[in-house]
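*Asks:* Based on what follows, work out the 3D shape:
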Amino acid sequence: MKKHFLTLFLTLFLFSCTSTEEKIHNLNGYWEIQKAELPEGITKEFKFSEIVDYIQVEENEGFRKKVRPQLGGGFLTSDDRENFEVKVENDSINLYYRTPYNEWKESVLSSEENELVILNQQGIIYTYKRFTPYSSDYGQEN
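*Replies:* Here you go, the predicted structure:
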């Protein structure tokens, strides 16, 4: 548990060294999950994931959708997406999601050019790395 709080403290400290606008801008792009840290101290590492999260933020609104990278380049995707509102509260960036089925909040602990760390309401910390494309057709949806 102490390790969990130390990680959270260090992340918040490093997070404070970048402007809020830059942190929000850094959310944009394709993100591949690296690990999930549960509140009980259990860490699940992800060596490979078939699904990548695509996040787009404009002004104080954004969306997240799951896409499947293709070996030849591009992505398979559907029209499904989760919309969210970005709010800066007490020097923290929070994402408020609303779907017809549920509402929830996630807190951005760190948002750097190549790493994204998010805390959900269940206390799970997700760490993502910027997705590395399989080919030169990166960013094209099929």
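*Asks:* residue ranges for the helices of this protein, please.
*Replies:* Assigned by DSSP state H, the helices in the chain fall at 2-15, 20-26.
*Asks:* mean confidence for the last one?
*Replies:* Spelled out, that is helix 20-26. Throughout helix 20-26, pLDDT has a mean value of 94.
*Asks:* by contact count, what packs against that helix?
*Replies:* For helix 20-26, the helices and strands in contact under the criterion 3 or more CB pairs under 8 Å, 6 or more residues apart in numbering; DSSP states H and E are strand 92-98, strand 103-111. No exception for glycine: its C-beta is placed from N, CA and C like everyone else's.
*Asks:* And these: which comes nearest residue 26?
*Replies:* Distances from residue 26 to each of these were compared using CB to CB; the shortest belongs to strand 103-111, at 4.2 Å.
*Asks:* relative to strand 92-98, how tilted is that closest one?
*Replies:* Calculated by axes from the mean of the first three to the mean of the last three CA atoms, to 10 degrees, strand 103-111 forms an angle of 150 degrees with strand 92-98.
*Asks:* elements contacting strand 103-111?
*Replies:* helix 2-15, helix 20-26, strand 92-98, strand 115-120.
*Asks:* which stretches of the chain aren't confidently modelled?
*Replies:* Under the criterion pLDDT under 70, the flagged ranges of the chain are 1-18, 135-142.
*Asks:* 80 instead?
*Replies:* Within the chain, the ranges that satisfy pLDDT under 80 run 1-18, 133-142.
*Asks:* center of it - which residue?
*Replies:* Relative to the mean C-alpha position of the chain, the nearest C-alpha, by CA atoms, centre = their mean, is the one of residue 116, at 5.3 Å.
*Asks:* Okay, and the beta partners of that residue?
*Replies:* In this structure, residue 116 has beta-bridge partners residue 111, residue 128, where bridges are defined by DSSP bridges.
*Asks:* how close does it get to residue 110?
*Replies:* Note on residue 116: its distance to residue 110, by CB to CB, to the nearest Å, is 7 Å.
*Asks:* if we can go back for a sec, could I get the helices and strands packed on helix 20-26 as JSON lines with mean neighbour count and distance to residue 66?
*Replies:* Conversion of the helices and strands packed on helix 20-26 to JSON lines gives the following (neighbours: other CB atoms under 10 Å; distance: least, CB to CB, whole Å):
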{"stretch": "strand 92-98", "mean neighbour count": "16", "distance to residue 66": "14"}
{"stretch": "strand 103-111", "mean neighbour count": "17", "distance to residue 66": "15"}
